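> quick check, what structure comes out for this input:
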Amino acid sequence: QVQLVESGGGLVQAGGSLRLSCAASGRTYYMAWFRQPPGKEREFVVAFRWTDGGTWLADSVKGRFTIAGDNPKNTVNLQMNNLKPEDTAVYYCAAKTGPGTAYPYWGQGTQVTVSS
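Residues are numbered from 1 along each chain as shown. A predicted model of the protein is given here:
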């Protein structure tokens, strides 16, 4: 069982930056961030693979968001720059311990609000 603890988030003006962190209680294979905007379904944002540092980004955040892993701490950091009001959402960290498609482990979520 892997537990995920998220930190960061908050309120920022459009064009600003925020950083989210997610610490896992053990080793994982992939860690990812999803988000759920108000009144919408949860959507993929970014994924990180520990073995080679591979990253995958949703088109909507390419060029603005980056993810990096801190190996000794089993932590990933999501740097969000040039934030837009449409980035407003609850952001969830997720993890999996193998190459399967599902993410069985989820954090509690953290609110990101971008004002215009």
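
> contacts only, for the most centrally placed residue in the chain.
With distances taken as C-alpha atoms, centre = their mean, Trp33 lies nearest the centre of the chain, 2.8 Å away. Taking C-beta atoms under 8 Å, 6 or more residues apart in numbering, we find Trp33 in contact with 20, 22, 45-47, 67, 78, 91-94. Placement of C-beta: from N, CA and C, glycine included.

> now Tyr92
Applying C-beta under 8 Å, 6+ apart, the residues contacting Tyr92 are 6, 33-36, 42, 106-107, 109-110.

> against Val112, how distant is Val61?
12 Å (C-beta to C-beta, to the nearest Å).

> joint contacts of those two?
80, 87.

> ok, Ala14 touching Pro85?
Yes: judged on C-beta atoms under 8 Å, Ala14 makes contact with Pro85 at a distance of 5.9 Å.

> hey, what's in contact with both of the two?
Joint contacts of Ala14 and Pro85 (C-beta under 8 Å, 6+ apart) are 114-116.

> out of those, which is most surrounded?
Val114 (19 neighbours; other C-beta atoms under 10 Å).

> tell me what the one helix or strand that one maps to is packed against?
Per DSSP states H and E, Val114 falls inside strand 110-115. In terms of contacts (3 or more C-beta pairs under 8 Å, 6 or more residues apart in numbering; DSSP states H and E), strand 110-115 is packed against strand 4-8, strand 10-13, strand 18-24, strand 89-96.
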